[in-house]
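# turn this into a structure:
(chains A and B)
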Amino acid sequence: MKSAPNVDILPMACIGLILVLIMMRIAPMTITHTRREVSVPVAQTAQREVQNDISIALTRTDSLFFNDQPVENLDQVSNLVAEAVTRDPYVLVVIRADKDCLGSRVLEILAAAKHAGAQRIVCATKRPKQRG
Amino acid sequence: MRGRRRETRTNEGLILNSLVDIALSLVIGFMVSMPFFFENGIFVSAPSTARAAADQAGSTVTANIYITNDGRVMLNESQIDEHDLLELIPRLLNRTIDRRVYISNDDSVAYSAVIRIMDLVKRADSTASLAWLRTRRRQQ
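Predicted coordinates for the structure are as follows:
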């Protein structure tokens, strides 16, 4: 009696795992504008759901990005937010500032977004890693 | 001979149990770990909105938090431990009309310190709305 053919599924599982890891890394970047590396502060409260929004990033080196595109100053940010608000008055403005930035600098961005007419503004945070 | 051949054919076929197990584990792993890859956020009122609300007539009780450069946290001009906010904020907000907490800080306070306080306020009362002010607001 012949034994059943032994199919080695280990390589396939490895490929599957790699695909899942790649997908996990890419999915948040494609759904939200988070290609720019910013270490956002940690917070346990989470209120924001993933949706089509606009992102203003402030890096540790004080560089500003609007939807991952570099911008010169807050006036430019304000103009871009105003354009987005014209298209959708309820657009969600996500401020992704590095945790080491000054609070006053983030507040300037918040004020610029508000001045441009943004009604819904969110400060991006990250969930803390759960401890065993 | 014929009988033996038939027996061999019935035993052929892929064993999918382990494949299904691995696929299921991958899906579960993916589902569990996704929230940690996405960013969340705290809704914050911008300064001008907060100022407008402050001018409205209503309860005189307000929740004003001020963070100093040296890390001290003042709630309505009284220095407190930041973890006391969990207990104090719900009590204070129950006596306000707009359920809004006004947060202001010195110029050199790190953004992470402000977010930590906002997080504590939200943990204390999830219905509280946050207003981040440029200037220090004092109890009226």
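# so stretch B:80-99, near chain A or not?
No. With CB under 8 Å from any CB of the partner chain as the criterion, chain A is not reached by stretch B:80-99; the gap is at least 11.4 Å. Where you see a C-beta, it was placed from the backbone N, CA and C, and this is true even at glycine.
# low-scoring stretches of chain A, by residue?
A:1-7, A:28, A:30-37, A:46-52, A:129-132 (pLDDT under 70).
# name the SS class of the nearest residue to residue B:72 once chain neighbours are set aside, please.
Closest residue to residue B:72 apart from its sequence neighbours, by CB to CB, 6 or more residues apart in numbering or on different chains: residue B:79 at 5.6 Å. Three-state assignment for residue B:79 (DSSP: H, G, I helix; E, B strand; the rest coil): strand.
# was I right to think residue B:79 contacts residue B:71?
No. Counting by CB atoms under 8 Å, residue B:79 stays clear of residue B:71, with 10.9 Å between them.
# which residues does the lengthiest helix in chain B contact?
Assignment by DSSP state H gives helix B:17-37 as the longest helix of chain B. With contacts defined as CB atoms under 8 Å, 6 or more residues apart in numbering or on different chains, helix B:17-37 is touched by A:9, A:12-13, A:16-17, A:20, A:23-25, A:27-28, A:127, A:129.
# packing partners for the helix or strand following it?
Using DSSP states H and E, the helix or strand that directly follows helix B:17-37 along the chain is strand B:40-43. Packing partners of strand B:40-43 (3 or more CB pairs under 8 Å, 6 or more residues apart in numbering or on different chains; DSSP states H and E): strand A:120-125, helix B:111-124, strand B:129-132.
# in strand B:40-43, what's buried?
B:40-42 (16 or more other CB atoms under 10 Å in any protein chain shown).
# okay, now the unreliable bits of chain B?
B:1-15, B:35-39, B:46-60, B:136-140.
# C-alpha coordinates for the helix or strand hosting residue B:104, PDB please?
Using DSSP H and E, residue B:104 sits within strand B:100-105. Output in PDB follows, covering the C-alpha atoms of strand B:100-105 (Å, rounded to 0.1, in the frame of the first residue of the first chain):
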ATOM      1  CA  ARG B 100     -15.500  71.200  28.500                       C
ATOM      2  CA  VAL B 101     -12.000  71.100  29.900                       C
ATOM      3  CA  TYR B 102      -9.700  73.900  29.000                       C
ATOM      4  CA  ILE B 103      -6.100  73.000  28.800                       C
ATOM      5  CA  SER B 104      -3.300  75.500  28.500                       C
ATOM      6  CA  ASN B 105       0.500  75.300  29.000                       C
END
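# quickly run through the sheet partners of that strand, with directions.
strand B:63-67 (parallel), strand B:129-132 (parallel) (DSSP bridges).
# for the residue in chain A positioned nearest to chain B, phi and psi?
Chain B sits closest to residue A:114 of chain A, with a gap of 2.9 Å, by CB to the nearest CB. When read as degrees, to the nearest 10, the backbone of residue A:114 gives phi -70, psi -40.
# and it, how far is that from residue A:69?
Residue A:114 sits 21 Å away from residue A:69, going by CB to CB, to the nearest Å.
# show me which of the two is the more surrounded one.
Per other CB atoms under 10 Å in any protein chain shown, whichever of residue A:114 and residue A:69 has more neighbours is residue A:114, with 21 against 11.
# now render the strands paired with strand B:100-105 as JSON lines, adding distance to residue B:93.
Output for the strands paired with strand B:100-105, formatted as JSON lines (distance: least, CB to CB, whole Å):
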{"stretch": "strand B:63-67", "distance to residue B:93": "6"}
{"stretch": "strand B:129-132", "distance to residue B:93": "10"}
